[in-house]
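> build the 3D model from these lines:
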Amino acid sequence: MSHFLDMKVPLTNPEAIVNGLVRKGVPLQDIEVHKQPTRLIGYNGQDRMANIIVRKNSLNNCSNATGMKSGAYSDLGFAEQADGTYKVLVDDINFNPTWVEELSMYHNVESAKIALDNKKIKYVESEEEGLPVIKATIPNRQQKKIAPRRTISFS
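Just a heads-up that it's a prediction; the model follows:
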């Protein structure tokens with residue numbers, strides 16, 4: 001029977017989560033962002049609350065682009081926790097560990113870009129060995145390379 005998995009993944013920036021979802025192939029207009037937790041709809045009436053939501057119909061429409069398994073039974077959600085991190089709520093039928101790992105990587109890249117933009121630091125994004133890399137030039141310092149971390153823990 002289908003049910004929601006609660007996954008603690010080191011996601012902390014809602015803007016970076018949305019940008020990461022877009023990079024994974026979810027159209028921006030299909031991503032809901034709520035200040036107050038909003039109901040996710042799951043298989044057979046299960047429900048959870050989340051702040052960032054991709055509805056199951058949207059997941060089915062973009063499953064080829066995103067790498068999520070098609071035939072979604074439930075919405076995909078990201079619920080903000082008391083410590084400021086976001087828990088991923090995904091249906092076990094649609095769970096794809098590689099997809100979650102890649103989303104986490106893109107979240108880290110997008111978080112770094114947001115931080116650099118906020119500090120008005122110039123950077124260039126490229127790929128090395130198929131992975132995104134950001135090279136930032138910090139005034140009066142040598143060029144630093146920022147590579148995304150790949151860390152996922154299951155709970």
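
> any chance you could map the helices in this structure?
14-23, 56-61, 63-66, 97-118 (DSSP state H).

> export those helices to a markdown table and append columns for mean neighbour count.
From N, CA and C alone the C-beta is placed, and that goes for glycine too. Formatted as a markdown table, those follow (neighbours: other CB atoms under 10 Å):
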| stretch | mean neighbour count |
| --- | --- |
| helix 14-23 | 19 |
| helix 56-61 | 18 |
| helix 63-66 | 15 |
| helix 97-118 | 18 |
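
> any chance of those in a markdown table, with mean pLDDT and distance to Ala50 too?
Below are those laid out as a markdown table (pLDDT from 0 to 100; distance: least, CB to CB, whole Å):
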| stretch | mean pLDDT | distance to Ala50 |
| --- | --- | --- |
| helix 14-23 | 94 | 11 |
| helix 56-61 | 73 | 13 |
| helix 63-66 | 51 | 17 |
| helix 97-118 | 90 | 15 |
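
> need those in CSV with distance to Val90, can you?
Output for the helices of the chain, formatted as CSV (distance: least, CB to CB, whole Å):
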stretch, distance to Val90
helix 14-23, 12
helix 56-61, 10
helix 63-66, 12
helix 97-118, 7
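
> among those helices, which comes closest to Ile134?
Minimum separation from Ile134 across these (CB to CB) falls at helix 97-118, 5.4 Å.

> which helices and strands sit right next to the closest one?
strand 4-11, helix 14-23, strand 123-128, strand 131-137 (3 or more CB pairs under 8 Å, 6 or more residues apart in numbering; DSSP states H and E).

> mind redoing it with 10 Å?
strand 4-11, helix 14-23, helix 63-66, strand 76-80, strand 86-91, strand 123-128, strand 131-137, strand 143-146 (3 or more CB pairs under 10 Å, 6 or more residues apart in numbering; DSSP states H and E).

> least confident of these, on average?
The minimum mean pLDDT among the helices and strands packed on helix 97-118 belongs to helix 63-66 (a mean of 51).

> starting at the chain centroid, how far to stretch 7-25?
In terms of CA atoms, centre = their mean, to the nearest Å, the centre of stretch 7-25 is found 2 Å from the chain centre.

> that one: end-to-end distance?
For stretch 7-25, the first-to-last residue distance is 21 Å (CA to CA, to the nearest Å).
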